[in-house]
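J.: Here's my sequence, what's the structure:
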Amino acid sequence: MERIAVNPWDWSLKLGYNQAEIIEGVTRQVICAGQTAVDGEGTPQHPNDMRAQIALALDNLEAVLAKAEMDLSNVTMLRIYATDVDEALKNFDLMGIRFGPHQVAPSMTLVGVTRLAIPGLLFEIEATAAA
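T.: Numbering: from 1, shown residues only. Sure, this is the predicted structure:
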């Protein structure tokens, strides 16, 4: 798979994402449901702690990708939902910590929502991945 960044402007690069990516040579694609801060039984974890919820949602995303024989380097698009966008952005260094070593900056959308499906959850991340 080859990834070609498309950035008519460079401001998004400072935030850790490309405006678009051209993806060529793909043989498999995985569409991941929204991953949140729940344990293996689906029980919400880390109430009122955005940072811990982001970290666990990323752990869960990595677990789903691993089961599909992929990792964060395969992620081509992220859709993120947060009940408090400002608080989520304060903790976006976690995104860089996780995606940085893979040297990818997938296209991303961040949406503020009034609540998520399960009460107490603050952050949800959907991903599209390809190989």
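J.: and the closest residue to Leu121 other than its chain neighbours, what is it in contact with?
T.: For Leu121, ignoring the flanking residues on the chain, the nearest one in space by CB to CB, 6 or more residues apart in numbering is Thr36 at 4.8 Å. All C-beta spots, glycine's among them, are computed from the backbone N, C-alpha and C. By CB atoms under 8 Å, 6 or more residues apart in numbering, the contact set of Thr36 is Pro44, Gln53, Leu56, Ala57, Asn60, Leu116, Ile118, Leu121, Phe123, Glu124, Ile125.
J.: do that again at 10 Å, thanks
T.: If you count contacts by CB atoms under 10 Å, 6 or more residues apart in numbering, Thr36 has them with 42, 44-45, 53-54, 56-57, 60-61, 81, 116-118, 120-125.
J.: Now, these that are in helices?
T.: Among the contacts of Thr36, the ones falling in helices (DSSP state H) are Gln53, Ile54, Leu56, Ala57, Asn60, Leu61.
J.: so the first one touches Leu122, yeah?
T.: Looking back up the chat, that one is Gln53. Yes - using CB atoms under 10 Å, Gln53 is in contact with Leu122, at 5.0 Å.
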